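# Below is the sequence, then the predicted model.
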Number of protein chains: 4
Amino acid sequence: MVLSEREEAVFEGGIKLGGIYHQFIGTPVSRRSRASLEAAIEEAVKNQPFVEDARVKIDERFFDRIGNEFDYLSLTGKMLDVRVTVRVGGTRCVCRMEYREEMDYPLMYVEEIESLGENRE
Amino acid sequence: MVLSEREEAVFEGGIKLGGIYHQFIGTPVSRRSRASLEAAIEEAVKNQPFVEDARVKIDERFFDRIGNEFDYLSLTGKMLDVRVTVRVGGTRCVCRMEYREEMDYPLMYVEEIESLGENRE
Amino acid sequence: MVLSEREEAVFEGGIKLGGIYHQFIGTPVSRRSRASLEAAIEEAVKNQPFVEDARVKIDERFFDRIGNEFDYLSLTGKMLDVRVTVRVGGTRCVCRMEYREEMDYPLMYVEEIESLGENRE
Amino acid sequence: MVLSEREEAVFEGGIKLGGIYHQFIGTPVSRRSRASLEAAIEEAVKNQPFVEDARVKIDERFFDRIGNEFDYLSLTGKMLDVRVTVRVGGTRCVCRMEYREEMDYPLMYVEEIESLGENRE
(Lines give C-alpha, C1' and ligand atoms only; values in the text may rest on other atoms or scores of the structure.)
Protein backbone atom coordinates (compact mmCIF):
# COMPACT_ATOMS: atom_id res chain seq x y z
CA MET A 1 0.00 0.00 0.00
CA VAL A 2 1.43 3.38 -0.92
CA LEU A 3 0.64 6.03 1.64
CA SER A 4 1.70 9.65 1.60
CA GLU A 5 4.01 10.84 4.34
CA ARG A 6 1.11 12.66 5.95
CA GLU A 7 -0.95 9.48 5.95
CA GLU A 8 1.88 7.46 7.44
CA ALA A 9 2.51 10.09 10.08
CA VAL A 10 -1.08 10.22 11.30
CA PHE A 11 -1.37 6.42 11.20
CA GLU A 12 1.70 6.15 13.44
CA GLY A 13 0.34 8.87 15.72
CA GLY A 14 -2.95 7.02 16.06
CA ILE A 15 -1.13 3.83 17.06
CA LYS A 16 0.66 5.66 19.84
CA LEU A 17 -2.45 7.34 21.28
CA GLY A 18 -4.50 4.15 21.22
CA GLY A 19 -1.63 2.32 22.84
CA ILE A 20 -1.16 4.82 25.67
CA TYR A 21 -4.82 4.76 26.57
CA HIS A 22 -5.18 1.00 26.64
CA GLN A 23 -1.83 0.29 28.30
CA PHE A 24 -2.11 2.66 31.23
CA ILE A 25 -5.81 3.13 32.03
CA GLY A 26 -6.42 1.44 35.38
CA THR A 27 -3.00 2.24 36.90
CA PRO A 28 -3.24 3.30 40.56
CA VAL A 29 -2.32 6.99 40.71
CA SER A 30 -2.21 9.67 43.41
CA ARG A 31 -1.00 13.21 43.82
CA ARG A 32 2.30 11.75 45.01
CA SER A 33 2.82 9.20 42.22
CA ARG A 34 1.48 11.25 39.33
CA ALA A 35 4.80 12.66 38.15
CA SER A 36 6.48 9.24 37.99
CA LEU A 37 3.63 7.87 35.89
CA GLU A 38 3.68 10.84 33.52
CA ALA A 39 7.44 10.36 33.05
CA ALA A 40 7.15 6.61 32.50
CA ILE A 41 4.44 7.02 29.85
CA GLU A 42 6.48 9.68 28.05
CA GLU A 43 9.63 7.56 28.10
CA ALA A 44 7.75 4.44 27.01
CA VAL A 45 6.24 6.18 23.98
CA LYS A 46 9.53 7.77 22.97
CA ASN A 47 10.85 4.24 22.41
CA GLN A 48 8.39 3.67 19.60
CA PRO A 49 9.15 4.18 15.90
CA PHE A 50 8.74 7.70 14.47
CA VAL A 51 8.18 9.38 17.84
CA GLU A 52 10.03 12.66 18.29
CA ASP A 53 8.47 13.75 21.54
CA ALA A 54 5.73 12.89 24.03
CA ARG A 55 4.13 14.98 26.76
CA VAL A 56 1.76 13.48 29.27
CA LYS A 57 -0.20 15.39 31.88
CA ILE A 58 -2.41 13.81 34.53
CA ASP A 59 -4.91 16.36 35.78
CA GLU A 60 -4.19 17.06 39.44
CA ARG A 61 -7.67 18.34 40.14
CA PHE A 62 -8.96 14.78 40.31
CA PHE A 63 -6.98 14.25 43.51
CA ASP A 64 -8.94 17.02 45.24
CA ARG A 65 -12.13 15.02 45.02
CA ILE A 66 -11.27 11.41 45.72
CA GLY A 67 -14.43 9.77 46.97
CA ASN A 68 -12.79 6.76 48.62
CA GLU A 69 -10.72 6.46 51.76
CA PHE A 70 -7.58 5.26 50.03
CA ASP A 71 -6.33 8.52 48.61
CA TYR A 72 -5.61 7.22 45.14
CA LEU A 73 -7.54 6.61 41.92
CA SER A 74 -7.41 4.31 38.94
CA LEU A 75 -6.19 6.29 35.95
CA THR A 76 -9.04 7.12 33.56
CA GLY A 77 -9.29 8.90 30.24
CA LYS A 78 -10.80 11.91 32.00
CA MET A 79 -7.50 12.57 33.76
CA LEU A 80 -5.19 12.31 30.76
CA ASP A 81 -3.85 14.97 28.42
CA VAL A 82 -1.31 13.63 25.93
CA ARG A 83 0.63 15.10 23.03
CA VAL A 84 2.73 12.82 20.83
CA THR A 85 4.91 14.31 18.09
CA VAL A 86 5.56 11.96 15.20
CA ARG A 87 7.91 12.49 12.29
CA VAL A 88 7.83 10.53 9.05
CA GLY A 89 10.31 11.78 6.48
CA GLY A 90 9.68 15.48 6.03
CA THR A 91 6.29 15.49 7.75
CA ARG A 92 5.71 16.14 11.41
CA CYS A 93 2.41 15.81 13.20
CA VAL A 94 1.25 16.41 16.74
CA CYS A 95 -1.41 13.97 17.91
CA ARG A 96 -3.44 14.70 20.97
CA MET A 97 -5.64 12.90 23.47
CA GLU A 98 -7.74 15.21 25.58
CA TYR A 99 -10.86 14.67 27.59
CA ARG A 100 -13.81 16.62 26.22
CA GLU A 101 -16.31 17.39 28.94
CA GLU A 102 -19.13 18.22 26.54
CA MET A 103 -18.68 14.88 24.73
CA ASP A 104 -17.86 12.89 27.89
CA TYR A 105 -15.13 11.35 25.80
CA PRO A 106 -11.32 11.20 25.67
CA LEU A 107 -10.98 12.60 22.16
CA MET A 108 -7.98 11.65 20.05
CA TYR A 109 -7.19 13.99 17.18
CA VAL A 110 -4.45 15.47 15.02
CA GLU A 111 -3.61 18.88 16.42
CA GLU A 112 -1.00 19.95 13.90
CA ILE A 113 0.58 18.60 10.77
CA GLU A 114 3.33 20.30 8.84
CA SER A 115 5.69 19.67 5.99
CA LEU A 116 9.29 20.42 6.90
CA GLY A 117 10.25 20.94 3.29
CA GLU A 118 12.70 18.09 3.33
CA ASN A 119 13.05 14.89 1.43
CA ARG A 120 12.00 11.70 2.99
CA GLU A 121 14.85 10.08 4.91
CA MET B 1 -6.76 20.73 11.69
CA VAL B 2 -8.18 19.80 8.31
CA LEU B 3 -7.39 16.23 7.36
CA SER B 4 -8.43 14.41 4.22
CA GLU B 5 -10.75 11.45 4.57
CA ARG B 6 -7.86 9.12 3.87
CA GLU B 7 -5.83 10.74 6.62
CA GLU B 8 -8.69 10.52 9.08
CA ALA B 9 -9.32 6.91 8.18
CA VAL B 10 -5.73 5.77 8.75
CA PHE B 11 -5.47 7.82 11.95
CA GLU B 12 -8.56 6.05 13.30
CA GLY B 13 -7.22 2.68 12.17
CA GLY B 14 -3.94 3.33 13.97
CA ILE B 15 -5.78 4.13 17.19
CA LYS B 16 -7.61 0.80 17.03
CA LEU B 17 -4.50 -1.31 16.36
CA GLY B 18 -2.45 0.37 19.08
CA GLY B 19 -5.36 -0.05 21.46
CA ILE B 20 -5.85 -3.76 20.78
CA TYR B 21 -2.19 -4.54 21.33
CA HIS B 22 -1.86 -2.66 24.59
CA GLN B 23 -5.24 -3.70 26.01
CA PHE B 24 -4.99 -7.42 25.49
CA ILE B 25 -1.28 -8.38 25.53
CA GLY B 26 -0.72 -10.39 28.70
CA THR B 27 -4.14 -12.08 28.77
CA PRO B 28 -3.94 -15.76 29.75
CA VAL B 29 -4.85 -17.79 26.66
CA SER B 30 -4.97 -21.47 25.75
CA ARG B 31 -6.17 -23.64 22.90
CA ARG B 32 -9.47 -23.90 24.75
CA SER B 33 -9.99 -20.19 25.50
CA ARG B 34 -8.60 -18.78 22.26
CA ALA B 35 -11.91 -18.46 20.41
CA SER B 36 -13.59 -16.55 23.24
CA LEU B 37 -10.74 -14.06 23.37
CA GLU B 38 -10.76 -13.56 19.60
CA ALA B 39 -14.50 -12.89 19.72
CA ALA B 40 -14.22 -10.49 22.65
CA ILE B 41 -11.48 -8.44 20.98
CA GLU B 42 -13.50 -8.25 17.76
CA GLU B 43 -16.65 -7.19 19.57
CA ALA B 44 -14.77 -4.65 21.69
CA VAL B 45 -13.23 -2.96 18.66
CA LYS B 46 -16.49 -2.89 16.74
CA ASN B 47 -17.83 -0.59 19.46
CA GLN B 48 -15.35 2.10 18.54
CA PRO B 49 -16.07 5.00 16.19
CA PHE B 50 -15.63 4.43 12.44
CA VAL B 51 -15.09 0.67 12.73
CA GLU B 52 -16.93 -1.39 10.14
CA ASP B 53 -15.39 -4.74 10.89
CA ALA B 54 -12.68 -6.46 12.93
CA ARG B 55 -11.11 -9.89 12.55
CA VAL B 56 -8.77 -11.30 15.16
CA LYS B 57 -6.83 -14.53 14.88
CA ILE B 58 -4.66 -15.99 17.63
CA ASP B 59 -2.14 -18.39 16.10
CA GLU B 60 -2.89 -21.90 17.38
CA ARG B 61 0.58 -23.18 16.68
CA PHE B 62 1.85 -21.50 19.82
CA PHE B 63 -0.17 -23.95 21.91
CA ASP B 64 1.81 -26.86 20.46
CA ARG B 65 4.97 -25.66 22.09
CA ILE B 66 4.10 -24.40 25.55
CA GLY B 67 7.24 -24.62 27.63
CA ASN B 68 5.57 -24.50 31.03
CA GLU B 69 3.46 -27.02 32.90
CA PHE B 70 0.34 -24.91 32.98
CA ASP B 71 -0.90 -25.35 29.45
CA TYR B 72 -1.57 -21.72 28.78
CA LEU B 73 0.36 -18.66 27.66
CA SER B 74 0.25 -14.91 28.10
CA LEU B 75 -0.93 -13.36 24.85
CA THR B 76 1.95 -11.75 22.93
CA GLY B 77 2.25 -9.82 19.70
CA LYS B 78 3.74 -12.91 18.04
CA MET B 79 0.44 -14.71 18.36
CA LEU B 80 -1.85 -11.99 17.01
CA ASP B 81 -3.14 -11.35 13.51
CA VAL B 82 -5.66 -8.51 13.35
CA ARG B 83 -7.57 -6.76 10.57
CA VAL B 84 -9.65 -3.70 11.38
CA THR B 85 -11.79 -2.11 8.68
CA VAL B 86 -12.42 1.59 9.20
CA ARG B 87 -14.73 3.82 7.23
CA VAL B 88 -14.63 7.61 7.23
CA GLY B 89 -17.07 9.19 4.82
CA GLY B 90 -16.40 7.66 1.41
CA THR B 91 -13.04 6.15 2.32
CA ARG B 92 -12.52 2.69 3.66
CA CYS B 93 -9.21 1.29 4.90
CA VAL B 94 -8.10 -2.06 6.23
CA CYS B 95 -5.47 -1.81 8.93
CA ARG B 96 -3.46 -4.84 9.91
CA MET B 97 -1.30 -6.06 12.76
CA GLU B 98 0.78 -9.08 11.87
CA TYR B 99 3.88 -10.54 13.39
CA ARG B 100 6.86 -10.39 11.05
CA GLU B 101 9.34 -13.13 11.82
CA GLU B 102 12.17 -11.49 9.89
CA MET B 103 11.73 -8.24 11.84
CA ASP B 104 10.86 -9.93 15.16
CA TYR B 105 8.15 -7.32 15.38
CA PRO B 106 4.35 -7.12 15.40
CA LEU B 107 4.03 -4.83 12.40
CA MET B 108 1.06 -2.50 12.09
CA TYR B 109 0.31 -1.24 8.60
CA VAL B 110 -2.40 -0.13 6.19
CA GLU B 111 -3.24 -3.09 3.98
CA GLU B 112 -5.81 -1.46 1.75
CA ILE B 113 -7.36 1.93 1.27
CA GLU B 114 -10.08 2.72 -1.19
CA SER B 115 -12.40 5.50 -2.16
CA LEU B 116 -16.00 4.36 -2.36
CA GLY B 117 -16.92 7.19 -4.68
CA GLU B 118 -19.39 8.60 -2.23
CA ASN B 119 -19.73 11.87 -0.46
CA ARG B 120 -18.75 12.17 3.11
CA GLU B 121 -21.62 11.40 5.42
CA MET C 1 8.17 -20.23 52.83
CA VAL C 2 5.66 -22.68 54.30
CA LEU C 3 2.10 -21.51 53.90
CA SER C 4 -1.06 -23.28 54.96
CA GLU C 5 -3.45 -24.40 52.27
CA ARG C 6 -5.80 -21.60 53.23
CA GLU C 7 -3.01 -19.06 52.87
CA GLU C 8 -2.00 -20.44 49.50
CA ALA C 9 -5.59 -20.46 48.31
CA VAL C 10 -6.28 -16.83 49.18
CA PHE C 11 -2.90 -15.74 47.77
CA GLU C 12 -3.78 -17.39 44.45
CA GLY C 13 -7.25 -15.86 44.55
CA GLY C 14 -5.78 -12.41 45.10
CA ILE C 15 -3.50 -12.83 42.09
CA LYS C 16 -6.47 -13.64 39.87
CA LEU C 17 -8.62 -10.69 41.01
CA GLY C 18 -5.78 -8.19 40.71
CA GLY C 19 -4.99 -9.58 37.29
CA ILE C 20 -8.56 -9.34 35.97
CA TYR C 21 -8.93 -5.74 37.03
CA HIS C 22 -5.67 -4.52 35.55
CA GLN C 23 -5.89 -6.58 32.34
CA PHE C 24 -9.38 -5.62 31.27
CA ILE C 25 -10.15 -2.17 32.66
CA GLY C 26 -10.31 0.19 29.68
CA THR C 27 -11.78 -2.32 27.22
CA PRO C 28 -14.48 -0.78 25.01
CA VAL C 29 -17.79 -2.39 26.01
CA SER C 30 -21.44 -1.94 25.07
CA ARG C 31 -24.75 -3.66 25.69
CA ARG C 32 -24.06 -5.68 22.55
CA SER C 33 -20.49 -6.74 23.30
CA ARG C 34 -20.86 -7.28 27.03
CA ALA C 35 -21.54 -11.03 26.92
CA SER C 36 -18.49 -11.76 24.77
CA LEU C 37 -16.24 -9.86 27.16
CA GLU C 38 -17.67 -11.61 30.21
CA ALA C 39 -17.07 -14.97 28.54
CA ALA C 40 -13.52 -14.10 27.50
CA ILE C 41 -12.56 -12.95 30.99
CA GLU C 42 -14.02 -16.12 32.51
CA GLU C 43 -12.22 -18.36 30.04
CA ALA C 44 -8.94 -16.46 30.44
CA VAL C 45 -8.97 -16.85 34.22
CA LYS C 46 -9.89 -20.51 34.09
CA ASN C 47 -6.54 -21.10 32.35
CA GLN C 48 -4.66 -20.02 35.43
CA PRO C 49 -3.31 -22.39 38.09
CA PHE C 50 -5.68 -23.47 40.90
CA VAL C 51 -8.79 -21.91 39.33
CA GLU C 52 -11.88 -24.11 39.48
CA ASP C 53 -14.40 -21.59 38.25
CA ALA C 54 -14.85 -17.95 37.32
CA ARG C 55 -17.99 -15.85 36.91
CA VAL C 56 -17.91 -12.35 35.51
CA LYS C 57 -20.82 -9.98 35.31
CA ILE C 58 -20.73 -6.54 33.69
CA ASP C 59 -23.53 -4.40 35.06
CA GLU C 60 -25.96 -3.63 32.23
CA ARG C 61 -27.38 -0.59 33.94
CA PHE C 62 -24.36 1.43 32.91
CA PHE C 63 -25.45 1.20 29.30
CA ASP C 64 -28.68 3.01 30.13
CA ARG C 65 -26.81 6.16 30.98
CA ILE C 66 -24.02 6.56 28.47
CA GLY C 67 -23.15 10.24 28.36
CA ASN C 68 -21.36 10.20 25.03
CA GLU C 69 -22.65 9.82 21.50
CA PHE C 70 -20.77 6.62 20.77
CA ASP C 71 -22.94 4.14 22.64
CA TYR C 72 -20.10 2.33 24.35
CA LEU C 73 -18.01 2.77 27.48
CA SER C 74 -14.54 1.91 28.71
CA LEU C 75 -14.82 -0.89 31.23
CA THR C 76 -14.36 0.38 34.81
CA GLY C 77 -14.29 -1.25 38.22
CA LYS C 78 -17.78 0.13 38.89
CA MET C 79 -19.21 -2.15 36.22
CA LEU C 80 -17.54 -5.39 37.28
CA ASP C 81 -18.74 -8.18 39.55
CA VAL C 82 -16.37 -11.15 39.62
CA ARG C 83 -16.26 -14.44 41.52
CA VAL C 84 -13.21 -16.68 41.19
CA THR C 85 -13.20 -20.11 42.85
CA VAL C 86 -9.73 -21.36 43.73
CA ARG C 87 -8.79 -24.77 45.01
CA VAL C 88 -5.50 -25.63 46.67
CA GLY C 89 -5.35 -29.21 47.98
CA GLY C 90 -8.38 -29.69 50.19
CA THR C 91 -9.19 -26.00 50.54
CA ARG C 92 -11.54 -24.08 48.31
CA CYS C 93 -12.11 -20.35 48.43
CA VAL C 94 -14.35 -17.97 46.55
CA CYS C 95 -12.77 -14.59 45.91
CA ARG C 96 -14.88 -11.66 44.89
CA MET C 97 -14.52 -8.26 43.29
CA GLU C 98 -17.55 -6.06 43.70
CA TYR C 99 -18.05 -2.34 43.48
CA ARG C 100 -19.05 -0.81 46.78
CA GLU C 101 -21.02 2.35 46.28
CA GLU C 102 -20.55 3.59 49.85
CA MET C 103 -16.76 3.22 49.55
CA ASP C 104 -16.58 4.30 45.89
CA TYR C 105 -14.22 1.39 45.47
CA PRO C 106 -14.07 -1.96 43.65
CA LEU C 107 -13.58 -4.09 46.75
CA MET C 108 -11.74 -7.39 46.49
CA TYR C 109 -12.39 -9.86 49.30
CA VAL C 110 -12.65 -13.52 50.23
CA GLU C 111 -16.31 -14.44 50.23
CA GLU C 112 -16.04 -18.05 51.34
CA ILE C 113 -13.33 -20.46 52.36
CA GLU C 114 -13.90 -24.08 53.22
CA SER C 115 -11.98 -27.22 53.96
CA LEU C 116 -13.13 -30.12 51.84
CA GLY C 117 -11.84 -32.66 54.35
CA GLU C 118 -9.43 -34.13 51.86
CA ASN C 119 -5.71 -34.51 51.76
CA ARG C 120 -3.67 -32.20 49.69
CA GLU C 121 -3.18 -33.47 46.21
CA MET D 1 -15.63 -14.16 56.18
CA VAL D 2 -13.11 -14.13 59.03
CA LEU D 3 -9.55 -14.40 57.83
CA SER D 4 -6.41 -14.41 59.94
CA GLU D 5 -4.00 -11.54 59.55
CA ARG D 6 -1.64 -13.83 57.65
CA GLU D 7 -4.41 -14.80 55.27
CA GLU D 8 -5.41 -11.20 54.71
CA ALA D 9 -1.80 -10.20 54.14
CA VAL D 10 -1.10 -12.83 51.48
CA PHE D 11 -4.46 -12.15 49.79
CA GLU D 12 -3.55 -8.47 49.52
CA GLY D 13 -0.07 -9.35 48.28
CA GLY D 14 -1.53 -11.59 45.59
CA ILE D 15 -3.79 -8.78 44.38
CA LYS D 16 -0.80 -6.49 43.96
CA LEU D 17 1.36 -8.99 42.05
CA GLY D 18 -1.46 -10.01 39.71
CA GLY D 19 -2.22 -6.35 39.13
CA ILE D 20 1.36 -5.36 38.29
CA TYR D 21 1.73 -8.12 35.75
CA HIS D 22 -1.50 -7.45 33.92
CA GLN D 23 -1.27 -3.65 34.03
CA PHE D 24 2.24 -3.24 32.70
CA ILE D 25 3.02 -6.22 30.46
CA GLY D 26 3.23 -4.88 26.91
CA THR D 27 4.69 -1.49 27.80
CA PRO D 28 7.44 -0.40 25.38
CA VAL D 29 10.71 -0.45 27.30
CA SER D 30 14.38 0.10 26.48
CA ARG D 31 17.66 0.44 28.30
CA ARG D 32 17.01 4.17 28.41
CA SER D 33 13.42 4.09 29.67
CA ARG D 34 13.76 1.16 32.06
CA ALA D 35 14.42 3.18 35.21
CA SER D 36 11.38 5.42 34.71
CA LEU D 37 9.11 2.41 34.27
CA GLU D 38 10.51 0.68 37.37
CA ALA D 39 9.91 3.85 39.39
CA ALA D 40 6.38 4.32 38.06
CA ILE D 41 5.38 0.73 38.88
CA GLU D 42 6.80 1.05 42.39
CA GLU D 43 5.02 4.35 43.01
CA ALA D 44 1.75 3.03 41.57
CA VAL D 45 1.74 -0.01 43.84
CA LYS D 46 2.65 1.99 46.91
CA ASN D 47 -0.68 3.80 46.48
CA GLN D 48 -2.60 0.61 47.13
CA PRO D 49 -3.98 -0.42 50.53
CA PHE D 50 -1.65 -2.30 52.91
CA VAL D 51 1.49 -1.77 50.80
CA GLU D 52 4.56 -0.79 52.80
CA ASP D 53 7.10 -1.05 50.03
CA ALA D 54 7.58 -2.14 46.43
CA ARG D 55 10.75 -2.87 44.48
CA VAL D 56 10.68 -3.47 40.75
CA LYS D 57 13.64 -4.54 38.63
CA ILE D 58 13.55 -4.92 34.84
CA ASP D 59 16.36 -7.21 33.74
CA GLU D 60 18.81 -5.20 31.64
CA ARG D 61 20.24 -8.22 29.93
CA PHE D 62 17.24 -8.36 27.64
CA PHE D 63 18.37 -5.15 25.98
CA ASP D 64 21.61 -6.81 24.87
CA ARG D 65 19.74 -9.17 22.61
CA ILE D 66 16.97 -7.20 20.94
CA GLY D 67 16.14 -9.00 17.73
CA ASN D 68 14.38 -6.10 16.03
CA GLU D 69 15.68 -2.88 14.55
CA PHE D 70 13.82 -0.60 16.91
CA ASP D 71 15.95 -0.95 20.02
CA TYR D 72 13.09 -1.49 22.43
CA LEU D 73 10.95 -4.36 23.64
CA SER D 74 7.46 -4.95 24.97
CA LEU D 75 7.71 -5.68 28.68
CA THR D 76 7.22 -9.39 29.41
CA GLY D 77 7.10 -11.49 32.56
CA LYS D 78 10.59 -12.79 31.77
CA MET D 79 12.03 -9.33 32.35
CA LEU D 80 10.34 -8.56 35.67
CA ASP D 81 11.50 -9.08 39.23
CA VAL D 82 9.12 -7.62 41.81
CA ARG D 83 8.96 -7.54 45.59
CA VAL D 84 5.91 -6.09 47.31
CA THR D 85 5.86 -5.74 51.10
CA VAL D 86 2.39 -5.83 52.61
CA ARG D 87 1.42 -5.17 56.19
CA VAL D 88 -1.89 -6.13 57.75
CA GLY D 89 -2.07 -5.41 61.47
CA GLY D 90 0.93 -7.10 63.08
CA THR D 91 1.76 -9.29 60.08
CA ARG D 92 4.13 -8.37 57.33
CA CYS D 93 4.72 -10.40 54.19
CA VAL D 94 6.98 -10.02 51.19
CA CYS D 95 5.42 -11.22 47.95
CA ARG D 96 7.57 -11.86 44.95
CA MET D 97 7.24 -12.23 41.19
CA GLU D 98 10.28 -13.73 39.55
CA TYR D 99 10.79 -15.44 36.26
CA ARG D 100 11.80 -19.07 36.65
CA GLU D 101 13.79 -20.28 33.70
CA GLU D 102 13.27 -23.97 34.46
CA MET D 103 9.50 -23.49 34.59
CA ASP D 104 9.36 -20.91 31.77
CA TYR D 105 6.99 -19.04 34.04
CA PRO D 106 6.82 -15.77 35.97
CA LEU D 107 6.29 -17.34 39.38
CA MET D 108 4.44 -15.40 42.07
CA TYR D 109 5.04 -16.54 45.63
CA VAL D 110 5.27 -15.46 49.26
CA GLU D 111 8.93 -15.01 50.08
CA GLU D 112 8.62 -14.09 53.73
CA ILE D 113 5.92 -13.73 56.31
CA GLU D 114 6.45 -12.60 59.85
CA SER D 115 4.50 -11.61 62.90
CA LEU D 116 5.64 -8.31 64.32
CA GLY D 117 4.33 -9.15 67.77
CA GLU D 118 1.93 -6.25 67.71
CA ASN D 119 -1.78 -5.97 67.94
CA ARG D 120 -3.76 -5.28 64.88
CA GLU D 121 -4.14 -1.60 64.23
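Sure, I can see it.
# What strand or helix carries A:Leu37?
helix A:34-46 (DSSP states H and E).
# just checking, what packs against whichever strand or helix holds A:Ala9?
For A:Ala9, the host element (DSSP H and E) is helix A:5-24. When contacts are defined as 3 or more C-beta pairs under 8 Å, 6 or more residues apart in numbering or on different chains; DSSP states H and E, helix A:5-24 packs onto helix A:34-46, strand A:51-58, strand A:80-88, strand A:91-100, strand A:105-115, helix B:5-24, strand B:105-115. All C-beta atoms are positioned from the backbone trio N, CA, C, and that covers glycine.
# Doesn't A:Pro49 belong to a helix?
No - with DSSP: H, G, I helix; E, B strand; the rest coil as the criterion, A:Pro49 is coil rather than part of a helix.
# From B:Tyr109, how far out is it?
Between A:Pro49 and B:Tyr109 the computed distance is 12 Å (C-beta to C-beta, to the nearest Å).
# who are the neighbours in contact with the most centrally placed residue in chain A?
Among the residues of chain A, the one closest to the centroid is A:Val82, at 3.3 Å (C-alpha atoms, centre = their mean). By C-beta atoms under 8 Å, 6 or more residues apart in numbering or on different chains, the residues touching A:Val82 are A:17, A:20, A:41, A:54-57, A:96-98.
# Buried subset of the residues you listed as a ChimeraX selection?
Selection of buried members from those for ChimeraX, criterion 16 or more other C-beta atoms under 10 Å in any protein chain shown:
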select /A:17,20,41,54,56,96,97,98
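# Flag every residue of chain A that's near chain B.
A:1, A:3, A:6-8, A:10-23, A:95, A:108-113 (C-beta under 8 Å from any C-beta of the partner chain).
# For chain B, what's the nearest residue on chain A?
Going by C-beta to the nearest C-beta, chain B is nearest to A:Gly14 of chain A, at 2.6 Å.
# which residue packs closest to that residue, ignoring adjacent ones?
Sequence neighbours aside, B:Gly14 is the residue nearest to A:Gly14 in space, at 2.6 Å (criterion: C-beta to C-beta, 6 or more residues apart in numbering or on different chains).
# Local confidence estimate at that neighbour?
The per-residue pLDDT reported for B:Gly14 equals 98.
# Repeat that for A:Glu118.
Per the predicted model, pLDDT is 53 at A:Glu118.
# Same check on the one 3 residues further on?
What the model reports for A:Glu121 is a pLDDT of 47.
# shaky segments in chain A?
Low-confidence segments of chain A, defined by pLDDT under 70, span residues A:67, A:118-121.
# residues from chain A in reach of chain D?
So chain A meets chain D at A:19, A:23-24, A:26-30, A:32-33, A:36-37, A:39-49, A:70-72 (C-beta under 8 Å from any C-beta).
# Please type out the ChimeraX selection for whichever of these turn out to be buried.
To isolate the buried members of these in ChimeraX, using 16+ other C-beta under 10 Å:
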select /A:19,23,24,26,27,28,29,30,33,36,37,39,40,41,42,43,44,45,46,47,48,49,72
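# Quick check: the closest residue to A:Glu5 other than its chain neighbours vs A:Arg100, distance?
Nearest non-adjacent residue to A:Glu5, counting by C-beta to C-beta, 6+ apart: A:Thr91, 4.1 Å away. Look at A:Thr91 and A:Arg100: by C-beta to C-beta, they are 26 Å apart.
# These two: which has the busier surroundings?
Neighbour totals were compared for A:Thr91 and A:Arg100, and A:Thr91 leads with 20 against 12 (other C-beta atoms under 10 Å in any protein chain shown).
# hang on, the earlier thing: which among the residues of chain A next to chain B count as buried?
Neighbour-count burial (16+ other C-beta under 10 Å) applied to the residues of chain A next to chain B gives A:3, A:6-8, A:10-23, A:95, A:108-110, A:113.
# what about the helices and strands packed on helix A:5-24, which gets the closest to D:Arg87?
helix A:34-46 (22.1 Å; C-beta to C-beta).
# tell me the contacts of the spatially most distant residue from the centre of chain A?
Distance from the centre of chain A peaks at A:Glu69, with 29.3 Å (C-alpha atoms, centre = their mean). By C-beta under 8 Å, 6+ apart, the residues touching A:Glu69 are C:103, C:105.
# what does A:Val10 give?
By C-beta under 8 Å, 6+ apart, the contact list for A:Val10 reads A:86, A:93, A:95, A:110, A:113, B:3, B:7-8, B:10-11, B:14.
# Just the closest of the residues you listed to chain D, please.
Nearest member of the contacts of A:Val10 to chain D, counting by C-beta to the nearest C-beta, is A:Val86, at 14.3 Å.
# Now do the same contact list for the closest residue to the closest one other than its chain neighbours.
Nearest residue to A:Val86, sequence neighbours excluded (C-beta to C-beta, 6+ apart): A:Gly13, at 4.5 Å. Counting by C-beta under 8 Å, 6+ apart, A:Gly13 touches A:84, A:86, A:93-95, A:110, B:11, B:14.
# again, 7 Å this time
A:84, A:86, A:93, A:95, A:110, B:11, B:14 (C-beta atoms under 7 Å, 6 or more residues apart in numbering or on different chains).
# likewise A:Val86?
Applying C-beta under 7 Å, 6+ apart to A:Val86 gives the contacts A:9, A:12-13, A:16, A:50-52, A:93, A:95.
# Bridged to it, which residues?
Per DSSP bridges, the residues bridged to A:Val86 are A:Val51, A:Cys93.
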